[in-house]
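Engineer: here's a sequence, model it:
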Amino acid sequence: MPFLHDLRDLASWLLESATPAVEASCAAIVRRLVERDLRTVGLAPADDDVAVPPVALQLARALALTSGGRIGVVDAAGTWTGPSAGGIGGVTTRWLLDDLAVLSPPPIRSGGAVAQLREIAGKEGAAFDRLIVDLTGLEHAGEQLEACAALDGTAIVARRGRTRARALRRWAELSPPGALGVLLTGVP
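Structural biologist: Now for the predicted structure:
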């Protein structure tokens with residue numbers, strides 16, 4: 001995935017990487033999100049070997065195409081682009097497509113991400129029909145669970161052949177509020 005500071009490359013990647021299999025998988029997930037009327041959905045990595053940003057972007061694109069609404073992808077920990085400038089409270093909105101934007105808050109220290117996420121969902125989120133939130137970078141399980149509770153639902157993102165069963169068991173034991181299940185990537 002290209003760096004976010006080059007928006008033309010990222011938008012091109014987003015459109016070009018949408019294979020029929022990816023589009024079909026995303027469409028099935030989007031149908032469930034729309035049926036349940038979930039406005040804010042978090043994606044949490046099962047472990048450090050899982051890349052959530054590409055999944056979040058593809059899912060957001062499918063949601064925008066299906067719903068016809070404006071979709072925001074929130075980088076909850078502010079780690080995608082490094083320091084950002086501008087926007088409300090330092091949050092930068094970068095439009096990738098006419099109906100799809102990435103919201104990047106400034107990187108924050110452990111413990112403050114959930115408060116910042118709630119603020120983003122309230123202030124910047126009002127401009128969007130739905131938000132997909134990348135929960136990568138939240139440092140400890142308590143912070144991740146608190147973030148899950150602030151959202152309508154959360155899916156755990158795992159990678160076929162890479163994510164260990166113990167990582168999925170850990171999430172099952174934690175049983176985050178609004179758990180939607182496991183989104184498995186890397187499936188042929």
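
Engineer: got any ranges where the protein has weak pLDDT?
Structural biologist: Low-confidence segments of the chain (pLDDT under 70): 1-18, 81-89, 108-111, 139-141, 175-177, 187-188.

Engineer: how much space separates Ser25 from Ala56?
Structural biologist: Per C-beta to C-beta, to the nearest Å, Ser25 is found 14 Å from Ala56. In short, each C-beta sits where N, CA and C put it, glycine included.

Engineer: for Ile132, same thing?
Structural biologist: With the distance defined as C-beta to C-beta, Ile132 ends up 5 Å from Ala56.

Engineer: what is in contact with these two at once?
Structural biologist: Shared contacts of Ile132 and Ala56 (C-beta atoms under 8 Å, 6 or more residues apart in numbering): 43, 73.

Engineer: who has more neighbours, these two?
Structural biologist: Set Ile132 next to Ala56 and count neighbours by other C-beta atoms under 10 Å: Ile132 wins out with 27 against 24.

Engineer: sheet partners, orientation included, of the host helix or strand of the more buried one?
Structural biologist: If you go by DSSP states H and E, Ile132 is part of strand 130-134. Strand 130-134 has the following strand partners under DSSP bridges: strand 40-45 (parallel), strand 71-75 (parallel).

Engineer: just to check, Leu183 is in contact with Leu43?
Structural biologist: Yes. With contacts counted by C-beta atoms under 8 Å, Leu183 reaches Leu43, the gap being 7.1 Å.

Engineer: and the two? Which one has more around it.
Structural biologist: For Leu183 and Leu43, the more surrounded residue by other C-beta under 10 Å is Leu43, and the numbers stand at 25 against 19.

Engineer: quick check: bridge partners of that one?
Structural biologist: Asp134, Ala155.

Engineer: got the contact list for it?
Structural biologist: Residues near Leu43 by C-beta under 8 Å, 6+ apart: 52, 55-56, 59, 132-135, 154-155, 157, 183.

Engineer: rerun at 7 Å
Structural biologist: Residues in contact with Leu43 (C-beta atoms under 7 Å, 6 or more residues apart in numbering) are 52, 55-56, 132-135, 155, 157.

Engineer: with the residues you listed in mind, which one is nearest to Val91?
Structural biologist: Of all those, Val133 has the smallest distance to Val91: 12.9 Å, by C-beta to C-beta.

Engineer: distance-wise, check that closest one relative to Leu65.
Structural biologist: 19 Å.
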